[in-house]
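Student: When you get a sec, could you give me coordinates for this:
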Amino acid sequence: MITRLNVVEHGDGIPLLALHGFPVDHRIMSGCLEPMFGDADAVRRIYPDLPGLGRSPGDDVASTADVLAAIEAFIDEAIGDEPFLLVGESYGGYLSRAIVQRRRRQVRGLALICPMVVADAPSRRVPPRSVRRPDPGLVAELEPSEAEEFTDVAAVESIETLARFRADVAPGLAGGDRAAIARIRDAYALDEPIEGGGPFTAPTLIIAGRQDWIVGYHDQWDLVEHYPNASYAVLDVAGHNLQCERPALFGALMRDWLDRVLTEPSV
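Tutor: I've put the predicted structure just below:
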């Protein structure tokens, strides 16, 4: 099965595939990653919309297993056998972990941003909802639908985080194939054990939000032994959209990971 994906690319060099969460689109990735790159960085950044999300059709997908198969077909077409870097956010982190197990010799580095570890939401270990920087006046000025979407995950309610939400998150929430989204939700978990193939030893980064009440930060710690060369960071004053709420620290951690990857001896 090959599902044609909407893709945005920037730069040239080693491919970096960035997989976004659910049900947003590629802008949540390009919006936070592009500021860390300069003209001197030989990295080809590839930002697809996952099947059924953004502007990618979803007619052929009925489960997360179908989404994963479509992404693997896309990798074969767009990257081939080249080594590449992999960045996954939330649901995209779940997919990225599965891809690493299938392509561990090809993936030179893995970064997981607020990764979903447990597909079944009630089974996740998450903290209670806690808004660390509330701004009720700002929220009161928003249209009710926007206020609901913004506050659904925001640990920081500010003009700056609202602007990032509007640019990087809201457009994806408004798009997508609603029927495909519903089908994927109904078959959200993969049947395969994701970390079943032994440790992944390439440079890895796992970032979680201390106030992330969507996927939490406890389950992410269970990943550490599977990634022996991982940096693991739990950021305070940060929820599920931590890249919007702590952009400077997020950027520093991502840049450190990228530097580690690019200076790691090739195997």
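
Student: where exactly do the strands run in the protein?
Tutor: 7-10, 14-19, 43-48, 84-89, 107-113, 204-209, 230-235 (DSSP state E).

Student: Distance to L190 and mean pLDDT for the ones you listed - can I get that in JSON lines?
Tutor: C-betas here are computed from N, CA, C, even on glycine. Output for the strands of the chain, formatted as JSON lines (distance: least, Cβ to Cβ, whole Å; pLDDT from 0 to 100):
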{"stretch": "strand 7-10", "distance to L190": "23", "mean pLDDT": "97"}
{"stretch": "strand 14-19", "distance to L190": "14", "mean pLDDT": "98"}
{"stretch": "strand 43-48", "distance to L190": "19", "mean pLDDT": "98"}
{"stretch": "strand 84-89", "distance to L190": "13", "mean pLDDT": "98"}
{"stretch": "strand 107-113", "distance to L190": "16", "mean pLDDT": "98"}
{"stretch": "strand 204-209", "distance to L190": "19", "mean pLDDT": "98"}
{"stretch": "strand 230-235", "distance to L190": "21", "mean pLDDT": "98"}
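
Student: E141 is nearest to which of those strands?
Tutor: strand 204-209 (25.2 Å; Cβ to Cβ).

Student: JSON lines for the strands of the chain, including mean neighbour count and distance to D59?
Tutor: Converted to JSON lines, the strands of the chain look like this (neighbours: other Cβ atoms under 10 Å; distance: least, Cβ to Cβ, whole Å):
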{"stretch": "strand 7-10", "mean neighbour count": "15", "distance to D59": "18"}
{"stretch": "strand 14-19", "mean neighbour count": "23", "distance to D59": "20"}
{"stretch": "strand 43-48", "mean neighbour count": "23", "distance to D59": "16"}
{"stretch": "strand 84-89", "mean neighbour count": "26", "distance to D59": "24"}
{"stretch": "strand 107-113", "mean neighbour count": "25", "distance to D59": "29"}
{"stretch": "strand 204-209", "mean neighbour count": "26", "distance to D59": "34"}
{"stretch": "strand 230-235", "mean neighbour count": "19", "distance to D59": "37"}
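
Student: list the contacts for D49?
Tutor: Shown in contact with D49 (Cβ atoms under 8 Å, 6 or more residues apart in numbering): L5, N6, V7, H20, D25, H26, R55, S56.

Student: Give the residue spans of the stretch 151-267 of the chain that score low on pLDDT.
Tutor: Judged by pLDDT under 70, the stretch 151-267 of the chain has its weakly predicted residues at 266-267.

Student: Can you show me the helices along it?
Tutor: 159-164, 170-174, 178-186, 218-221, 242-245, 247-263 (DSSP state H, counting those that start in this stretch).

Student: Can I get the strands of the chain in JSON lines including distance to F250?
Tutor: Output for the strands of the chain, formatted as JSON lines (distance: least, Cβ to Cβ, whole Å):
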{"stretch": "strand 7-10", "distance to F250": "18"}
{"stretch": "strand 14-19", "distance to F250": "14"}
{"stretch": "strand 43-48", "distance to F250": "16"}
{"stretch": "strand 84-89", "distance to F250": "11"}
{"stretch": "strand 107-113", "distance to F250": "8"}
{"stretch": "strand 204-209", "distance to F250": "7"}
{"stretch": "strand 230-235", "distance to F250": "8"}
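
Student: how about those, which one is nearest F150?
Tutor: strand 204-209 (15.8 Å).

Student: contact partners of the closest one?
Tutor: So strand 204-209 is contacted by 109-115, 155, 215-217, 220, 223-224, 227, 229-235, 238-240, 242, 245, 250, 253-254, 256-257 (Cβ under 8 Å, 6+ apart).

Student: now swap in stretch 249-262 and tell me
Tutor: Residues contacting stretch 249-262 (Cβ under 8 Å, 6+ apart): 14, 32-33, 35-36, 41, 43, 85, 108-109, 111, 113, 202-205, 207, 231, 233, 235, 242-243.
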